[in-house]
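Peer 1: Quick one, fold the following:
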Amino acid sequence: MSNYQARLGLYIAGEWLGPEGRATQDVLDPATGQVNAALPLATAADLDTALDAADRGFKAWRVTAPEARAALLMKAAVLLRERAGDLGRIATLEQGKPFDEAKGEALYAAALLDFHAAEGLRVYGRVLQRPSGTRSLVLHQPIGPVAAFCAWNFPIMNVVRKIAPALAAGCSIIIKPSEETAGSACEVMRCFQDAGIPGDVAQCVFGVPDQVSRHLLASPVTRKLSFTGSVPVGKHLAKLAAETLMATTMELGGHGPVMVFDDCDLDRTLDTLVATKFRNAGQVCIAPTRFHVQRGVYDAFAAGFAERTRALKVGSGLEKGVQMGPMANARRPDAIAAMVEDARSIGARVLAGGGERASGGGFFYEPTVLADVPLTARAMNDEPFGPLALLNPFDTVDEAIAEANRLPYGLAAYCFTENGRRQNRLGDEIEAGMVAINNVRLSWVDSPFGGVKDSGYGSEDGPEGVKAHLVTKTVHMT
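Peer 2: Take a look at the predicted model:
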C-alpha cells in the first residue's frame, strides 16, 4: 500500500506533484471499504499551470510529424501491454472488478492506442477543382487543447479512450479521471510519460469535480470538451461549454433494451446475456438492462436467467474464480437496493438476489433479477448502473420496438432473432447509437462508440474519434 500511495499524484507540465500544500481525498478498496491511500487534489494554481502547459504543448505537438506522434503512441501501447498485469491489479484494488476483466481492459486500451496511432496518419484533406493557376484546399487541423473528464467504471480504458485520439489528431489534453480510481489513471499516465510523450501534451489532474470543470472550461486555452459520465453531469458541462461555443463530445448514460424473440437460440442467448449483464457488476453504460422477451419463451427465459444468475460467484476481484466483484463505491449498493424495493412494492417478482449484502464492509450487492416489472418502477425509467436485470414479456415486434424506444436514452440496444427481415427492421428502427444483433460486442477500436438522445452526441473510437478533434479549414489561392 505504501507504494500505491507514493504513486498517486497530479501529473502537470511533466512533473508529478504530491499532497504537500494540497487537500486530499481518500481512495477506497470497494471489496473492504478500507482506505487505500490519500489522493492530492489540484489547486486553482495547479490548474492554471496545467492550462499554460497545454497551450505550449499544443503549439509544439500540432507541428510534430504525424509519424513521430504515431511512434510515441505505439510505444505507449507496448508499455500498456507489458504492464497489463500490474495495471489490472490496481484497477481491481480501487474499482472492484475481477482481475481478468481489469487486465483485459488494459490490453484493449493498448489496442485503442495502436488504432489511433495509425488513424492519425490518415487525416486527409482534398484539392477542389478550380481554373488553371488557382487552388482551393480543404484541410483538417487539430482543434486545440482538450479538457477531458471520465468515469470510474473503466479506469484504464476510459483514460486511454480520451487521450489516444486527441494526441493522434495533434491536440494536447488535460484529463481529469475519477478520484475514486486515481491509481489506474496515474499508471496509464506513466506509460505515456515513459513512452516519451511530452509532459505538456498529456496531463492528468484530480480535484473537486465542479471546481475543476468550471476552471478548465472557462479558460480560453481549452478548445474542446470530451466527457464520459452521467446524463445530468453531461448536461451541466454542456452548458458550461456553451459559454465559449466549445466543441463537445458527450458519451452519457444508457438504459440498454434487449429484445429476445421466440426464434432465438435460447441457451446461447442466456449464456451470453447473463455474463454481459453482470460484467463489472453491471456498472457499464452499455449494459443490457431491460429484457423484453417474446411471450412464448418468456417463462423459460426467466427461469434460465435466474438459474444462471444464482450460480455466479461473487467476491473480491482479486480472488480466483470470482465472476462479479463489489460495486465501486458505497453509493451504488444503496441506489440499487432502493430501486429493487420500489419495484417489489408495486408488484415486481424477485427471481434471484434481492438484497443480501456481503459481510466485511465491502460495497457488494448480489446479482438480482426482477420479473414482471411495472413500467412505473424507477428502475424501468432511471439507469440502474448496477447488477439488476429487469424482465418483461411482449407479444409483437411493434410492442418491443415501442418499449425499446420509450425512454430518452439511446446508447446501446440488443436484439436476438434468427429472422433476417426482422433483424433489418430492428437495426433501422431502434433509436440507439449502437445496436448488436445476436451478439453483445459493441466496443471495437475501429468502430464509432456513442449514443443519441439523452445518451449524448459525437463518437469515440474509429476514424470518428480522431475526426472529433479536428477542425475543417478551406484555403483558396490565386
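
Peer 1: all helices for the stretch 251-400 of the chain, in order.
Peer 2: Secondary structure of the stretch 251-400 of the chain, counting by DSSP state H, counting those that start in this stretch: helices at 266-277, 295-310, 331-345, 397-404.

Peer 1: would CSV of those helices with mean neighbour count be doable?
Peer 2: Backbone N, C-alpha and C define where each C-beta goes, glycine included. Formatted as CSV, the helices of the stretch 251-400 of the chain follow (neighbours: other Cβ atoms under 10 Å):
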stretch, mean neighbour count
helix 266-277, 18
helix 295-310, 18
helix 331-345, 18
helix 397-404, 18
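
Peer 1: remind me which residues of the stretch 1-150 of the chain are low pLDDT?
Peer 2: For the stretch 1-150 of the chain, the stretches with pLDDT under 70 are 1-2.

Peer 1: Can you get me a residue count around residue 128?
Peer 2: Residues within reach of residue 128, counting by other Cβ atoms under 10 Å, total 11.

Peer 1: Is it in contact with residue 475, as I believe?
Peer 2: No. Residue 128 is beyond contact range of residue 475, at 10.1 Å (criterion: Cβ atoms under 8 Å).

Peer 1: Residue 213: what's its closest spatial neighbour, skipping adjacent residues?
Peer 2: In space, and not counting its chain neighbours, residue 213 is closest to residue 237: 5.9 Å by Cβ to Cβ, 6 or more residues apart in numbering.

Peer 1: name the element the one you found belongs to?
Peer 2: Element membership of residue 237 [criterion: DSSP states H and E] is helix 231-242.

Peer 1: Tell me the buried residues in that helix?
Peer 2: Neighbour-count burial for helix 231-242 flags 231, 233-234, 236-238, 240-241 (criterion: 16 or more other Cβ atoms under 10 Å).

Peer 1: Which one of those residues is nearest to residue 323?
Peer 2: Nearest to residue 323 among the buried residues of helix 231-242: residue 231, at 28.9 Å, using Cβ to Cβ.

Peer 1: For that closest one, list the residues it contacts.
Peer 2: Counting by Cβ atoms under 8 Å, 6 or more residues apart in numbering, residue 231 touches 252-253, 383, 409, 454-455.

Peer 1: ok, so of those residues, who is nearest residue 294?
Peer 2: Minimum distance to residue 294 across those is 22.4 Å, recorded for residue 409 (Cβ to Cβ).

Peer 1: so the closest one touches residue 254, yeah?
Peer 2: Yes. Applying Cβ under 8 Å, one finds residue 409 in contact with residue 254, separated by 5.0 Å.

Peer 1: so what sits against both of the two?
Peer 2: Contact with both residue 409 and residue 254 is made by residues 383, 451, 455, according to Cβ under 8 Å, 6+ apart.

Peer 1: Out of these, which is nearest to residue 69?
Peer 2: residue 451 (28.9 Å).

Peer 1: Now residue 223: closest residue in space that isn't a chain neighbour?
Peer 2: Closest residue to residue 223 apart from its sequence neighbours, by Cβ to Cβ, 6+ apart: residue 144 at 3.0 Å.
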